[in-house]
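Enquirer: attaching a predicted model along with its sequence, questions to come.
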Amino acid sequence: MLIAKEIILYIILSLFLFEIFKKYCAKFIIDKPVFRSSHFEDTPTGAGIIFLFTYLIYVFLNKNYVLLVLAPIAILGFLDDVFKIKQIYRLFFQSLNIFFVSIFLLNFDIFANINMSRGFISIIVFLIGLTLINFVNFMDGLDGLVASNMLILFLNYSLNNNFDLISIPIVLFIFLFYNWSPAKIFMGDSGSTFLGIILFFIIFSNKDLNSSILVFLTASPLLMDSLVCLLRRYFNKENIFSPHKKHLYQRLHQNGMKHQEVSLIYATCTFILIIFSHTNNLIIMSSLTILVFLFGLYLEKNWAVPFKN
């Protein structure tokens with residue numbers, strides 16, 4: 001009964017806050033189109049800070065204060081949405097947040113059977129965290145893309161593990177009404193980096209390594225796009241830190257696919273992987289992930305503009 005009341009509270013609160021944001025913040029926090037943008041009009045951004053507000057309501061209602069360690073990156077992201085913080089400072093504060101999340105929330109016991117030092121494992125986990133945060137951020141360039149995929153991932157986690165994150169899929173569901181094409185508001189870095197660190201948390205807070213790998217594979221439609229794009233740019237001797245529009249999702253849109261079509265393709269792949277993740281079979285999940293990758297190659301060849309212009 002208490003959970004039902006909280007869910008209703010998050011729905012009402014999300015609707016109220018997004019309406020307020022759209023009405024008032026639209027004047028001050030604007031994403032203006034640039035060469036790499038997939039939108040053509042000035043659009044309010046930074047709405048991801050509302051993800052944080054609803055999350056904080058859950059934390060304080062349930063007195064689960066240790067979860068506050070996930071919050072700083074959303075604040076940093078909002079400041080970046082408003083003031084455009086330099087990349088080096090963003091990476092520094094992201095690194096600090098990952099460090100504290102690793103200390104307070106992650107379950108390093110899942111690596112007990114791996115013959116590596118705790119220090120080396122910590123470095124690997126840290127690099128994965130930094131990568132996840134920025135990969136999710138990179139993918140937030142099309143209406144509804146990140147929000148729809150993360151909604152599926154986090155709802156599955158909440159229903160099958162615990163309700164610590166239940167406010168997040170609820171607020172994402174409401175957000176999609178504003179962010180689905182044509183988007184009225186964007187989540188901005190305050191949203192994408194916050195979702196990225198939450199993904200990092202749910203991957204490494206599992207009871208065993210097998211479960212962590214399964215969660216990681218369910219997020220592969222988004223993550224593989226970023227990884228493949230990064231590697232291709234590196235081997236093409238491009239500056240991997242410079243702005244671009246070479247992700248597969250961007251090139252599908254450039255070739256005529258609508259925002260909602262691309263978002264539905266990625267979300268459908270994520271949903272299929274979620275369904276099969278309940279088999280708890282790494283062979284099945286790895287095979288499906290390879291099929292998703294091959295499907296991406298098919299889209300690359302037949303529907304996207306060429307990687308090299």
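Expert: Cool, got the structure. Numbers count the residues shown, from 1 in each chain.
Enquirer: okay, CA-based contacts and neighbour counts for the rest of this
Expert: OK.
Enquirer: got the contact list for Ile203?
Expert: The neighbours of Ile203, taking Cα atoms under 8 Å, 6 or more residues apart in numbering as the test, are 211-213, 215-216.
Enquirer: contacting residues for the closest residue to His247 other than its chain neighbours?
Expert: The shortest distance from His247 to any non-neighbouring residue, by Cα to Cα, 6 or more residues apart in numbering, is to Cys229 (5.7 Å). By Cα under 8 Å, 6+ apart, Cys229 lies in contact with 246-248.
Enquirer: what's stretch 60-76 in contact with?
Expert: Residues contacting stretch 60-76 (Cα under 8 Å, 6+ apart): 48-49, 52, 56, 59, 90, 93-94, 97, 100-101, 104-105, 189-191, 193-194, 197-198.
Enquirer: and that stretch, end to end?
Expert: 21 Å (Cα to Cα, to the nearest Å).
Enquirer: re earlier: just the CA trace of whichever helix or strand the residue nearest to His247 is part of, in PDB.
Expert: Element membership of Cys229, judged by DSSP states H and E, is helix 220-235. Output of helix 220-235 as PDB, limited to C-alpha atoms (Å, rounded to 0.1, in the frame of the first residue of the first chain):
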ATOM      1  CA  SER A 220      24.300  -3.300 -25.100                       C
ATOM      2  CA  PRO A 221      22.200  -1.700 -27.900                       C
ATOM      3  CA  LEU A 222      23.100   1.700 -26.500                       C
ATOM      4  CA  LEU A 223      26.600   0.900 -25.300                       C
ATOM      5  CA  MET A 224      27.700  -0.900 -28.500                       C
ATOM      6  CA  ASP A 225      26.800   2.100 -30.600                       C
ATOM      7  CA  SER A 226      29.100   4.300 -28.600                       C
ATOM      8  CA  LEU A 227      31.900   1.800 -28.400                       C
ATOM      9  CA  VAL A 228      32.000   1.000 -32.100                       C
ATOM     10  CA  CYS A 229      31.800   4.600 -33.000                       C
ATOM     11  CA  LEU A 230      34.700   5.500 -30.600                       C
ATOM     12  CA  LEU A 231      36.900   2.600 -32.000                       C
ATOM     13  CA  ARG A 232      36.100   3.500 -35.600                       C
ATOM     14  CA  ARG A 233      37.100   7.100 -35.000                       C
ATOM     15  CA  TYR A 234      40.200   6.100 -33.300                       C
ATOM     16  CA  PHE A 235      41.400   3.800 -36.100                       C
END
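Enquirer: counting contacts, what elements does whichever helix or strand comes after that helix pack onto?
Expert: As assigned by DSSP H and E, the chain's next helix or strand after helix 220-235 is helix 248-254. Counting by 3 or more Cα pairs under 8 Å, 6 or more residues apart in numbering; DSSP states H and E, the packing neighbours recorded for helix 248-254 are helix 220-235, helix 259-277, helix 282-302.
Enquirer: list the buried residues in the longest one.
Expert: In other words, helix 282-302. 282, 285-286, 288-289, 292-293, 296, 299-300 (16 or more other Cα atoms under 10 Å).
Enquirer: dump these into JSON lines; add distance to Ile185 as well.
Expert: Below are the buried residues of helix 282-302 laid out as JSON lines (distance: Cα to Cα, whole Å):
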{"residue": "Leu282", "distance to Ile185": "38"}
{"residue": "Met285", "distance to Ile185": "34"}
{"residue": "Ser286", "distance to Ile185": "36"}
{"residue": "Leu288", "distance to Ile185": "34"}
{"residue": "Thr289", "distance to Ile185": "32"}
{"residue": "Val292", "distance to Ile185": "30"}
{"residue": "Phe293", "distance to Ile185": "30"}
{"residue": "Gly296", "distance to Ile185": "28"}
{"residue": "Leu299", "distance to Ile185": "28"}
{"residue": "Glu300", "distance to Ile185": "29"}
